[in-house]
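Student: sequence-free structure coming up:
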């Protein structure tokens with residue numbers, strides 16, 4: 001089944017222009033491997049950006065610009081990040097899209113150190129560079145029928161489903177779908193009953209729990 005919930009086009013355009021931080025870029029690149037629709041949006045934006053550059057008046061190159069371009073020729077082709085294949089070790093989990101596999105030990109979730117933060121909820125924090133921005137990225141492994149504590153958000157959050165699915169506010173999210181939340185949203189996702197759910201979450205601020213116990217435990221759960 002194709003993804004039916006996507007990042008906003010504005011966010012996709014920011015990604016295509018290189019204006020997203022590493023955590024956001026990781027989630028979007030992973031989504032692009034699973035979503036031809038969004039891949040097309042980014043590719044068109046990159047094509048348009050290239051055409052605008054070609055049409056711009058010629059200017060003198062900055063010192064070191066040629067060397068920087070030549071160095072980039074040795075980097076992996078960005079298009080390869082859209083493919084499921086490649087960069088996989090013998091033990092890699094090919095169900096995990098390549099952009100995310102590159103952040104996992106051995107390319108698999110099996111060897112990761114999972115931390116139990118609540119019944120039915122395990123978390124693994126990924127190492128990403130902040131570069132002055134506050135977005136963080138982590139994986140959640142959620143047992144079937146788990147009910148996430150009711151919460152809001154102090155900032156922006158994106159959740160990409162990698163396995164399984166969940167229902168939230170009457171909408172169903174499955175592999176490849178992205179749910180975006182902001183400070184105006186309070187919700188309580190419920191994991192599907194037919195299997196566990198694996199999700200990649202990117203957020204730029206802590207959650208805002210509405211119940212007392214999760215609020216008291218928040219400094220411990222999300223450190």
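Tutor: Happy to help now that I have it. Predicted model only: the values in this text are computed from it and were never measured.
Student: now the helices: where do they sit in the chain?
Tutor: Using DSSP state H, the helices of the chain run over residues 9-16, 22-34, 36-55, 65-72, 98-101, 212-221.
Student: Of all the residues in the shortest one, which ones are buried?
Tutor: Pointing back at helix 98-101 there. 98-101 (16 or more other C-beta atoms under 10 Å). The way it works is simple: take the backbone N, C-alpha and C, and place the C-beta from them, glycine included.
Student: need the residues you listed in a markdown table with pLDDT, can you?
Tutor: Shown next, in a markdown table, are those (pLDDT from 0 to 100):
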| residue | pLDDT |
| --- | --- |
| 98 | 93 |
| 99 | 94 |
| 100 | 96 |
| 101 | 93 |
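Student: Which of the residues you listed sits closest to residue 136?
Tutor: Closest approach to residue 136 among these (C-beta to C-beta): residue 100, at 14.8 Å.
Student: quick one: contacts for that closest one?
Tutor: 26, 30, 162, 200 (C-beta atoms under 8 Å, 6 or more residues apart in numbering).
Student: Kindly list the single helix or strand of the protein that scores lowest on mean pLDDT.
Tutor: Ranking every helix and strand in the chain by mean pLDDT, DSSP states H and E puts helix 65-72 at the bottom, with a mean of 42.
Student: what residues are up against the most centrally placed residue in the chain?
Tutor: Centroid-nearest residue in the chain: residue 27, 1.8 Å away (criterion: C-alpha atoms, centre = their mean). Contacts for residue 27 (C-beta under 8 Å, 6+ apart) come out as 137, 158, 160, 178, 200, 202.
Student: cool, and residue 129?
Tutor: Listed by C-beta under 8 Å, 6+ apart, the contact partners of residue 129 are 21-22.
Student: pLDDT below threshold where in this structure?
Tutor: 48-93, 130-133, 210-223 (pLDDT under 70).
Student: and the residue nearest to the centre of the chain, how far is that from residue 143?
Tutor: Shown here: residue 27 relative to residue 143, a distance of 23 Å by C-beta to C-beta, to the nearest Å.
Student: what does residue 165 give?
Tutor: To residue 143, residue 165 is 13 Å away according to C-beta to C-beta.
Student: okay, these two: which has more neighbours?
Tutor: residue 165 (18 against 14; other C-beta atoms under 10 Å).
Student: hang on, the earlier thing: of the contacts of residue 100, just say which sits nearest to residue 153.
Tutor: Distances from residue 153 to the contacts of residue 100, taken by C-beta to C-beta, are shortest for residue 200, at 16.6 Å.
Student: residue contacts, the closest residue to residue 162 other than its chain neighbours?
Tutor: Nearest residue to residue 162, sequence neighbours excluded (C-beta to C-beta, 6 or more residues apart in numbering): residue 198, at 4.5 Å. Residues near residue 198 by C-beta under 8 Å, 6+ apart: 109, 139-142, 161-164.
Student: follow-up on the earlier one: and the residue nearest to the residue nearest to the centre of the chain when sequence neighbours are not counted, how many residues sit next to it?
Tutor: Once flanking residues are discounted, residue 27 sits nearest to residue 202: 4.7 Å by C-beta to C-beta, 6+ apart. By the measure other C-beta under 10 Å, the count of residues near residue 202 is 26.
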